[in-house]
Structures are given as C-alpha cells and as structure tokens.
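> Sequence plus predicted model, see below.
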Amino acid sequence: MASSRRRLLSPVTSILVLSAAGGLCWLGAEAAARYVEDRSRQDVELALHASGQNWVTVTTDGLQVRLTGTAPSEIDRFRAMTQAASAVDPSRVVDRMSVASADAITPPDFKIELLRNDQGISLIGLVPASTDRAGLLRMLRDETAAPQVTDLLETADYAVPEGWDAALQYGLRATQSMTQAKISIQPGSVTISALADSADEKGRLESALRRGAPKGITLVTDISAPRPVIAPFTLRFVKDGDGARFEACAADTEEGRDRIVAAAQAAGVPDVPACTLGLGSPSADWADAAVAAIGAVAGLGHGRVTLSDADIALTAPPSVPRPAFDAAVTGLQQALPSVFSLQSTLEQAPDDATPGPMEFTATLSDAQVLDMRGPISDDRMAETVDSLARARFPTVQADLTGDPWVPQGWTVRVIGAIEALDTLQTGSVRVTPDLIRVTGTSGDPGAPEAAAARLGERLGPGVQYELAIRYDRRLDLSLNLPDGPECVRQLNIIMSESEIGFEPSKAAIAGDPAPTLDRLAAVMAECADYQIEAGGHTDSQGSQGFNADLSRGRAQALVAAMADAGIDTSHMTARGYGESQPIASNETEEGREENRRIEFRLLSDHPVRSAPLPAPVTLSGLTTEPLPPDQPGSDLIGPVQPPAQPQMFGPEMPRVTVGPTAPATVGASEVFQTLDEREENIRLPVLTPTPDTPRPSPRPDEGPVAD
C-alpha cells in the first residue's frame with residue numbers, strides 16, 4: 001500500500017516542479033519584454049525630445065514602437081520617423097501620426113548638396129524615396145578616385161518631380177571633372193561652384209559644362225581660377241576731349257583695385273571701370289602709385305599717365321600751362337613710393353611760335369624692342385642712328401624726323417644715350433639740349449656707373465645727365481639663375497630619375513620620397529617664383545573618370561609632399577590628365593609604366609615677384625673725360641685711350657649702313673668722319689652757329705642752333 005502511494009506521488013511532484021519552473025520562466029520573459037519595451041520607449045522619446053519633436057507620443061507593444069500625435073507638417077512627420085529609426089530598428093517603428101491641415105500639404109523641396117574636396121565626396125539633402133541611393137554611391141565610388149563617399153541623404157515618399165532625374169545625372173557627371181567643387185542639384189537646375197587650376201582650365205571647364213547640360217536644365221556656374229601673371233604690370237589712364245578712361249588697368253589686391261577704381265571715378269570716369277587682378281606687381285605700394293598718378297592727371301584736367309612696372313610716364317597736352325604741369329609733376333614725385341621713377345613730358349604745339357626744347361626719346365622693352373622717336377638733323381644722320389641702334393638691338397622701331405635746326409652735337413647726344421641704354425635690360429632715355437636722362441632696370445649691379453662711363457666716353461666732359469637704374473637679380477647673368485623653361489626641364493629630369501611611386505589605384509605615395517624631394521628642393525630654391533603645373537598621367541586601364549581623378553590625386557599628393565618638405569609651392573598647381581596624353585603604347589606593361597608619370601609644365605615665362613625690386617640707384621652730374629690707362633682710377637671705366645678725334649663707336653661695333661649716298665657699309669672711323677663733316681665740334685657742349693648759313697630766330701630756351 002505504501003509502495004503504491006509512493007508511485008502516485010512521484011508524478012504529481014514532477015508536475016508541480018515543472019509548473020513552478022514554467023511560471024518562473026513566464027515571469028522572467030514578461031519582465032524582460034517589459035524591460036525591452038520600456039527601454040525602447042525611453043530611447044525613442046529621448047531622440048525625439050533632442051530634435052524638438054515634443055508633439056509625438058511614443059507607446060510600445062512588444063517589440064513594436066508606435067508613434068502617435070499630430071504633426072505640424074509632413075516634413076515634421078518625416079523627421080520624427082527618421083529620429084525614431086535612429087534609436088531603434090526602423091522595422092519596429094509603426095507610424096500612427098497624423099498631419100495638421102492635410103489639404104495644405106505640398107511635396108517637399110528635393111535638393112542635393114554635393115561637396116567634393118581632397119578628403120572625398122559628401123552628399124547632403126532630401127531625395128525621393130524611389131532614388132537608388134546604393135547605385136548612386138556605387139557610381140561615385142567607381143567613377144572617381146575620391147578616398148571616401150559619405151551619404152548624408154534623407155528620403156521622402158513623394159512622386160519624383162519633373163526635371164529631377166536629368167538634373168541628378170548631369171550633376172553626378174559634372175562631379176567627375178572637378179576636385180574642388182560644390183554642386184547644388186534641384187529639379188530642373190544645377191548650380192556649380194568650383195576651383196580651376198588656371199584661367200585656361202576655367203575656360204575649358206565652363207565650355208564643357210555648357211556643352212554637356214541637358215535640354216531643359218538651367219545651369220549656373222561660378223568657376224574661379226588663379227590670378228594671371230601680368231608682365232609688364234601696366235596701368236594707363238587718359239583724360240582728354242573724349243572723357244576720362246582706362247586704356248589698361250592692373251591691380252594686385254582687391255583693396256587696391258577698389259582704391260584705383262574710386263580714384264578713376266573721382267577723376268571723371270562715368271561708369272565702374274574694369275581693372276584686372278593679377279600677379280607681378282613691382283611693389284606692394286602699386287595702388288598708392290596708381291592713385292597718385294590718376295590724381296595728377298585729374299588735377300591737370302587733360303593728359304595721360306602710364307605705369308609700366310616701376311616706371312611712370314606723365315604726359316600733358318600743349319593746352320596745360322607750364323606752371324600747372326610743373327606743380328603736378330612735383331606733387332606726384334613727392335607722393336610716389338621710393339621704388340617708382342617718374343618721367344614727365346609737356347607736349348608742344350607744332351605751330352607754336354616759341355616751342356619748347358627739342359626732345360628725343362627711346363624705350364627698350366623686356367623683349368629687347370627699341371622704340372625711337374624725335375628729331376635728327378637730316379635723313380643721312382637718321383639712317384646712321386638707325387643703323388647704330390639695329391647693330392645693338394634685335395628689333396628697332398624708329399620714328400625719326402628731319403629737323404635742320406637741331407642744336408650742334410645733337411646726333412652724338414642721341415648716340416651716347418642709345419649706347420647708355422644698351423647697358424640695361426629694359427628702360428628709356430630722354431635727350432634734350434640741356435639733359436640726358438636714363439631710367440630702367442638691369443641685371444648688373446654696376447649698371448649706373450657703366451652707363452655714366454658710356455656717356456662720358458661718347459660725349460666728352462661737361463654734358464649734364466641723370467640716371468635712375470634699379471637692379472634685378474633675376475636678370476643678373478653672373479648668378480646663373482635658371483629661367484622658367486630651364487626650371488621645368490630640371491624638375492622633369494629629377495622625376496624621370498626618381499624612385500617615387502604610388503600604391504596601386506591610389507594616390508598615396510609609396511616608398512621613401514625623401515631623396516627625390518631633396519633634389520626638387522634644390523631646384524625650387526631658385527624656381528619658386530615661376531608658375532608651374534604638376535600634371536599627373538595614367539595608363540588606359542580603368543574608366544576615364546577614374547583615371548582623371550587618380551592622376552589629379554597623385555599630382556596633388558606630390559605637391560603636398562613638396563610643401564611638407566619645406567619647398568615653396570605657392571605658385572605651383574596640380575592637374576590630372578588621366579589617360580589622355582600617353583607617351584608610349586598602352587598595349588605593353590613597359591608602355592603603361594611610362595604612361596604612369598608626373599610631368600611639370602611652365603604656365604608663364606614671367607616670374608611672379610615675391611618681393612618688390614629695390615629702389616633705383618640715382619646718379620646725376622656732368623660727364624667727365626675718360627682717364628688714360630696709366631692714370632689712377634682709370635680702371636673704374638675700363639682702359640679707354642684718348643682718341644685723336646672724337647670716338648663714337650667702340651672697336652667692337654659692327655659696320656653699319658648709313659644711306660644711299662654713302663658707301664654701302666662703313667666702319668667706325670668712316671661713320672665718325674661722316675658725322676664730323678656734318679657737325680663740326682660735335683663733342684663740345686657749347687652751341688655755336690656757323691656764319692655762312694642763314695638761321696631762324698633762336699628758340700628762347702635753346703640758344704643758337706646749328707645743323
């Protein structure tokens with residue numbers, strides 16, 4: 001009996017134990033579910049509260065999170081869903097919200113802001129829910145070499161507006177051709193702001209964007225490019241019967257341009273004149289000099305002023321009174337910064353009964369073009385002067401007029417001035433009966449003394465002169481500084497011999513670039529003033545868009561490495577050419593290796609001055625007779641033997657043509673004899689007429705005249 005009772009209790013006990021265990025499990029599961037519900041509700045409420053969505057009521061039912069409440073607008077409802085999905089799994093969120101004023105609901109403004117820079121591409125904005133975001137991101141990764149593509153887009157479940165797809169596809173294509181850009185995409189319109197490597201690249205990019213724009217898409221572009229190098233840095237302001245105007249205008253800063261434009265408007269320019277911002281100003285005080293020069297012309301009422309680098313030429317018509325002109329010249333000289341030199345001319349009326357002094361001028365450009373203007377005694381002497389100039393300068397432009405009443409010795413003064421100008425790289429001379437003035441720039445620190453010695457050698461003692469010559473180390477041959485083409489040649493040799501490489505399909509430099517950077521630094525020490533482009537090139541493997549971005553990224557990586565190594569790259573730009581310029585066949589591995597390269601290219605032959613030129617060295621006084629070689633001090637101007645007769649040509653002078661009535665060619669002594677027959681005592685500063693030639697009334701400020 002007891003045994004059967006024990007057999008009956010055993011199953012009952014098991015059932016009770018299992019029931020108790022099941023109850024405990026149920027209680028635990030319910031507690032866990034309640035915890036999950038409470039935690040989900042708290043997380044969602046916190047996310048909504050942080051975004052200002054306090055109108056939403058959050059409830060939970062198991063794993064579901066229900067959102068209820070009345071949204072102020074469809075955008076607010078959409079944002080509430082987005083915030084809730086950021087706190088819990090989006091599949092658990094149930095939308096039970098309503099929207100106030102449902103009749104007034106309109107589709108949202110779809111827009112993408114696509115930002116691209118060296119760090120990658122970012123997409124920000126709102127797109128239709130039907131947009132293939134994954135495909136969009138995949139296309140950007142495959143067709144560009146951007147190191148990272150960041151998706152910050154939101155979606156809204158509305159119909160795709162008209163013009164959206166075409167604008168989106170065009171904006172994505174435009175992204176492939178630019179590395180520094182902001183592209184705003186809206187239905188039917190695309191706005192592009194970007195940076196170009198150069199002015200030429202800006203033009204090409206704008207043309208390509210216009211050609212590729214689909215029909216019906218409104219395109220707005222704002223492409224910026226580096227400032228051009230202006231050489232010579234020029235400003236020309238004129239005020240005459242036609243009004244005040246710029247014939248040329250360059251400025252070095254925006255603030256300086258505003259000051260120059262304001263001065264021009266104050267001088268009478270009716271509209272806002274154009275003035276180009278550029279590089280190459282000879283001084284940081286360019287705007288000060290320009291404003292002062294424009295003010296001088298405005299004060300005269302009529303005239304013109306030209307600033308060419310640091311040389312300023314002020315010219316006024318005969319209607320300006322001499323006292324007013326002299327006062328304007330004095331005021332301008334006092335206002336100009338020290339680096340600038342002024343040359344002033346008051347023109348004379350051709351029929352004036354009392355003309356001013358005769359004047360001969362010659363200007364030498366940086367291209368070694370000599371422009372001569374002024375009176376010469378007769379055609380034969382004009383041909384002699386022209387032949388002398390052509391023997392010393394590659395290109396000569398002459399406007400010489402015959403005037404039989406020039407002062408005696410005039411031709412020799414002109415010749416001496418031209419020979420003094422030959423000591424300069426650029427400059428000008430002005431010859432009057434009372435003074436020879438020489439201004440300009442030279443690469444020889446001793447150019448002022450050399451010019452003075454040349455004048456003394458050709459003219460003898462007693463001739464008044466003024467010199468204002470500045471030194472430019474870039475023109476100094478003794479320093480053996482490389483020019484722009486030589487700089488690029490040396491840089492490309494280094495790159496062809498370098499061990500710099502890049503990781504496959506990436507813009508990251510592989511290996512140790514230090515030895516190559518050291519060689520590049522040695523060259524750039526004297527080449528940093530030139531505008532140079534580092535151009536990246538690839539083989540033909542991969543898409544064109546990917547190769548263009550990859551080549552640009554590699555060129556940028558090299559320029560960045562140079563800058564990190566302490567090399568001045570302020571005037572260096574990077575550009576990617578992709579596979580467009582192969583130098584070998586892409587059918588072989590060797591050819592593809594050659595095509596994967598970085599080449600340097602010169603963008604401008606003119607260096608960008610990083611510092612203004614020094615102030616000119618000024619000399620003035622009377623010429624002196626050259627010392628014989630056995631006297632102390634003769635080595636200052638070279639061993640010049642006192643000639644038996646006046647010497648106008650050094651022994652190194654070639655033979656020059658003097659005209660149809662003379663022999664076809666003549667040597668130095670023959671040319672001198674020709675001049676000697678035409679102008680007696682031509683080296684003497686005293687001007688005396690010959691008694692057997694009728695003379696007009698002497699000009700008041702010249703004294704007697706002679707042929």
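Done, it's in.
> what comes up buried for stretch 376-395?
376-378, 380-393 (16 or more other Cβ atoms under 10 Å). All C-beta atoms are positioned from the backbone trio N, CA, C, and that covers glycine.
> Quick one: distance of it to the chain centre.
40 Å (Cα atoms, centre = their mean, to the nearest Å).
> Also stretch 247-257?
With Cα atoms, centre = their mean, you get 13 Å for stretch 247-257.
> now stretch 406-415
45 Å.
> For the chain, give me the ranges with low pLDDT.
Within the chain, the stretches with pLDDT under 70 are 1-33, 101-106, 350-357, 610, 625-707.
> Could you break it into its assigned domains?
Per automatic domain parsing, the structural domains of the chain span 2-104, 111-224, 230-347, 350-483+623-707, 496-602.
> closest to Gln490 out of those?
Smallest distance to Gln490 across those (Cβ to Cβ): 4.7 Å, for domain 496-602.
> quick one on the thing from earlier: distance to Gln490 added to the domains of the chain, as TSV?
Listed next are the domains of the chain as TSV, based on distance: least, Cβ to Cβ, whole Å:
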stretch	distance to Gln490
domain 2-104	57
domain 111-224	22
domain 230-347	22
domain 350-483+623-707	7
domain 496-602	5
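> Give me the buried positions along stretch 452-470.
For stretch 452-470, by 16+ other Cβ under 10 Å, it's 452-460, 463, 465, 467-470.
> Let's see which of the buried residues of stretch 376-395 end up in helices.
Mapping the buried residues of stretch 376-395 onto helices (DSSP state H) picks out 380-392.
> Output the residues you listed in a markdown table; the columns should cover distance to Thr59.
A markdown table is the format used below for these (distance: Cβ to Cβ, whole Å):
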| residue | distance to Thr59 |
| --- | --- |
| Arg380 | 113 |
| Met381 | 110 |
| Ala382 | 106 |
| Glu383 | 108 |
| Thr384 | 109 |
| Val385 | 105 |
| Asp386 | 103 |
| Ser387 | 106 |
| Leu388 | 104 |
| Ala389 | 100 |
| Arg390 | 100 |
| Ala391 | 103 |
| Arg392 | 99 |
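> Point me to the residue sitting closest to the centre of this structure.
Central residue of the chain (Cα atoms, centre = their mean): Arg227, 2.7 Å from the mean position.
> wouldn't that one be in contact with Gly278 here?
Yes: Arg227 is within contact range of Gly278, at 5.1 Å (criterion: Cβ atoms under 8 Å).
> how many other residues sit next to Ala398?
17 (other Cβ atoms under 10 Å).
> so where does it fall, helix or strand?
strand 395-402 (DSSP states H and E).
> Check Met97 too.
Counting by DSSP H and E, Met97 is part of strand 93-99.
> buried residues in that strand?
93, 97, 99.
> Now Gln490: which helix or strand?
Here Gln490 sits within helix 484-497, counting by DSSP H and E.
> In strands, which of the buried residues of stretch 452-470 appear?
465, 467-470 (DSSP state E).
> where along the stretch 151-300 of the chain do the strands fall?
Assigned by DSSP state E, counting those that start in this stretch, the stretch 151-300 of the chain shows strands spanning 181-186, 189-195, 218-224, 234-240, 243-248, 250-251, 276-277.
> what sits against Thr59?
41, 65-66, 68 (Cβ atoms under 8 Å, 6 or more residues apart in numbering).
> before we move on, the earlier item: any idea which of the ones in strands among the buried residues of stretch 452-470 is closest to Ile217?
Using Cβ to Cβ, those come closest to Ile217 at Arg470, 55.0 Å.
> got the phi/psi numbers for Thr306?
When quoted as degrees, to the nearest 10, the phi and psi of Thr306 stand at phi -130, psi 130.
> wait, doesn't Ala196 sit right on Thr221?
No: in this structure, Ala196 is not within contact of Thr221 by Cβ under 8 Å, at 10.6 Å.
> ok, the two, which is more surrounded?
Neighbours per residue (other Cβ under 10 Å) separate Ala196 from Thr221, with Ala196 holding more: 21 against 16.
> roughly how far apart are that one and Leu300?
Ala196 sits at a distance of 42 Å from Leu300 (criterion: Cβ to Cβ, to the nearest Å).
> again, but for Asp38
Counting by Cβ to Cβ, the gap from Asp38 to Leu300 is 89 Å.
> cool, Leu63 as well?
Leu63 is 90 Å from Leu300, by Cβ to Cβ.
> These two: who's more crowded?
Legend: neighbour count by other Cβ under 10 Å for Leu63 and Leu300, higher for Leu300 (24 against 13).
> Might you report the residue contacts of the more buried one?
For Leu300, the contact set (Cβ under 8 Å, 6+ apart) comprises 239, 316, 320, 324-325, 328.
> Quick check: strands, which of those residues are part of them?
Filtering the contacts of Leu300 for strands - DSSP E - leaves 239, 316.
> Just the buried residues out of the contacts of Leu300, in PyMOL syntax.
Burial among those is assessed by 16+ other Cβ under 10 Å; the matching PyMOL selection reads:
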select buried, resi 239+316+320+325+328
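> In a markdown table: the contacts of Leu300, plus distance to Ile192.
Below are the contacts of Leu300 laid out as a markdown table (distance: Cβ to Cβ, whole Å):
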| residue | distance to Ile192 |
| --- | --- |
| Lys239 | 42 |
| Ala316 | 50 |
| Val320 | 52 |
| Ala324 | 54 |
| Phe325 | 53 |
| Ala328 | 50 |
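> quick one: the helices in the stretch 51-200 of the chain?
For the stretch 51-200 of the chain, the helices defined by DSSP state H, counting those that start in this stretch cover 74-87, 133-143, 164-175, 199-212.
> ok, back up a step: wait, which of the contacts of Leu300 is closest to Gly576?
After measuring the contacts of Leu300 against Gly576 - Cβ to Cβ - the closest member comes out as Lys239, at 48.7 Å.
> For the closest one, list the residues it contacts.
Counting by Cβ under 8 Å, 6+ apart, Lys239 has contacts 245, 267-268, 297-298, 300-304.
> Could you give the bridge partners of it?
Ala244, Gly303 (DSSP bridges).
> sorry, back to before: which one of the helices of the stretch 51-200 of the chain lies closest to Ala50?
Closest approach to Ala50 among these is made by helix 74-87 (7.8 Å; Cβ to Cβ).
> So for the closest one, what gets flagged as buried?
So, applying 16+ other Cβ under 10 Å, buried residues of helix 74-87: 74-85, 87.
> Residues in contact with that helix: which ones?
By Cβ under 8 Å, 6+ apart, helix 74-87 touches 40, 43-44, 46-48, 50-51, 53, 55-56, 58, 65, 67, 71, 93, 95, 97, 99, 105, 108, 154, 156.
> Just the residues you listed: which are in strands?
58, 65, 67, 71, 93, 95, 97, 99, 154, 156.
> List just the nearest of those residues to Thr573.
For those, the nearest to Thr573 is Glu154 (36.9 Å; Cβ to Cβ).
> Specify the beta-bridge partners of the closest residue to the closest one other than its chain neighbours.
Excluding the flanking residues, the one nearest Glu154 by Cβ to Cβ, 6 or more residues apart in numbering is Leu126, at 5.0 Å. Using DSSP bridges, the bridge partners assigned to Leu126 are Lys111, Glu154.
> give me phi/psi at Asp309?
Backbone geometry at Asp309, expressed as degrees, to the nearest 10, gives phi 50, psi -120.
> I'd say it and Phe233 touch.
Yes: with contact defined as Cβ under 8 Å, Asp309 reaches Phe233; the gap is 5.5 Å.
> shared neighbours of those two, anything?
Pro282.
> Please confirm that Leu520 is located within a helix.
Yes: applying DSSP: H, G, I helix; E, B strand; the rest coil, one finds Leu520 inside a helix.
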